[in-house]
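Trainee: please work out how this folds:
(2 chains)
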Amino acid sequence: GENVEQHPSTLSVQEGDSAVIKCTYSDSASNYFPWYKQELGKGPQLIIDIRSNVGEKKDQRIAVTLNKTAKHFSLHITETQPEDSAVYFCAASMGMKTSYDKVIFGPGTSLSVIP
Amino acid sequence: EPEVTQTPSHQVTQMGQEVILRCVPISNHLYFYWYRQILGQKVEFLVSFYNNEISEKSEIFDDQFSVERPDGSNFTLKIRSTKLEDSAMYFCASSWPSGGSADTQYFGPGTRLTVL
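Mentor: Okay, the predicted model is just below:
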């Protein structure tokens, strides 16, 4: 089955700096890659996603890139703010091939933005 | 903005007791899921549900677990005889087919289950 790895497990950055989180997946059939932000005591909140027919997607300070050949995808947060502090999960799914599909999560990255 | 809701937020139970975790998915969604997250670990898939039947289940989802959509709005997860290792956060999610695929899943805030 699909396996998603994520690095680093913890990341501290100064406010205003950029943060990069990298993920790899194992199943080349995966074609949908969401990113979730989880704040303490809350459920995962979708922040951005990318589909396999796209190499890059940007939404304000957040961007994701996908390299299908290498089975890598990354999250980039620019101009980080203290409210960006949370656990970030990358995930993979075959949602475009089946009518529904489970989301396989990575282990998470705990991001701390230091004011 | 529509959101997935879950009740209760925290459930404490004795080992061997039955628990029912409740979810109200987003109203026009057709696909429903349960995931769990043991403290400090990754979020794990339990089961998906569509058209009033289970679509897929993981190896975690054994005979002690069941799901039901008792009416047009609720989606429940029942654990028949809880074990200590069932202690976790349980998340409900729902999705709507977009362009033929139901890939974007929206998660509820979770129910923290503590088994003593």
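Trainee: find the residue ranges of chain B scoring beneath the pLDDT cut-off.
Mentor: Across chain B, the ranges flagged by pLDDT under 70 are B:97-103.
Trainee: now the strands: where do they sit in it?
Mentor: Here chain B has its strands, by DSSP state E, at B:5-7, B:10-13, B:19-24, B:31-37, B:43-50, B:53-57, B:65-68, B:75-79, B:88-95, B:106-107, B:111-115.
Trainee: mind listing what the second one pairs with, with the direction of each?
Mentor: Looking back up the chat, that one is strand B:10-13. Note on strand B:10-13: by DSSP bridges, its sheet partners are strand B:111-115 (parallel).
Trainee: now the angle from the partner strand to strand B:75-79?
Mentor: If you take axes from the mean of the first three to the mean of the last three CA atoms, to 10 degrees, strand B:111-115 sits at 10 degrees to strand B:75-79.
Trainee: list the buried residues for strand B:111-115?
Mentor: Buried residues in strand B:111-115, counted by 16 or more other CB atoms under 10 Å in any protein chain shown: B:Thr111, B:Arg112, B:Leu113, B:Val115. C-betas here are computed from N, CA, C, even on glycine.
Trainee: from A:Tyr32, how far off is A:Asn53?
Mentor: Separation of A:Asn53 from A:Tyr32 (CB to CB, to the nearest Å): 10 Å.
Trainee: make that A:Asp49, sorry
Mentor: 7 Å.
Trainee: for the host helix or strand of A:Val113, packing partners?
Mentor: Assessed by DSSP states H and E, A:Val113 sits inside strand A:109-114. If contacts are counted by 3 or more CB pairs under 8 Å, 6 or more residues apart in numbering or on different chains; DSSP states H and E, strand A:109-114 sits against strand A:10-14, strand A:19-25, strand A:86-92.
Trainee: that strand vs strand A:86-92, what angle?
Mentor: Between strand A:109-114 and strand A:86-92, the angle comes out at 150 degrees (the same axes, to 10 degrees).
Trainee: partner strands of strand A:109-114, parallel or antiparallel?
Mentor: Strand A:109-114 pairs in its sheet with strand A:10-14 (parallel), strand A:86-92 (antiparallel), by DSSP bridges.
Trainee: what's the most buried one of those strands?
Mentor: The highest mean neighbour count among the strands paired with strand A:109-114, using mean count of other CB atoms under 10 Å in any protein chain shown, belongs to strand A:86-92: a mean of 24.
Trainee: got a list of contacts for that strand?
Mentor: A:2, A:4, A:6, A:21, A:23, A:25, A:27, A:30, A:32-40, A:44, A:47, A:73, A:75, A:103-106, A:108-111, B:42-43 (CB atoms under 8 Å, 6 or more residues apart in numbering or on different chains).
Trainee: around chain A, pick out the residues from chain B.
Mentor: B:4, B:6, B:31, B:33, B:35, B:41-45, B:48, B:50, B:55-56, B:58, B:91, B:93, B:95, B:97, B:100-110 (CB under 8 Å from any CB of the partner chain).
Trainee: touching, B:Val115 and B:Gln11? I think so.
Mentor: No - using CB atoms under 8 Å, B:Val115 is not in contact with B:Gln11; the gap is 9.2 Å.
Trainee: who has more neighbours, A:Asn53 and A:Tyr32?
Mentor: A:Tyr32 (21 against 9; other CB atoms under 10 Å in any protein chain shown).
Trainee: isn't that one right next to A:Leu46, touching?
Mentor: No - look at A:Tyr32 against A:Leu46 with CB under 8 Å: they stay out of range, at 11.5 Å.
Trainee: closest to the centroid, which residue in chain B?
Mentor: With distances taken as CA atoms, centre = their mean, the residue of chain B nearest its centroid is B:Trp34 (2.9 Å).
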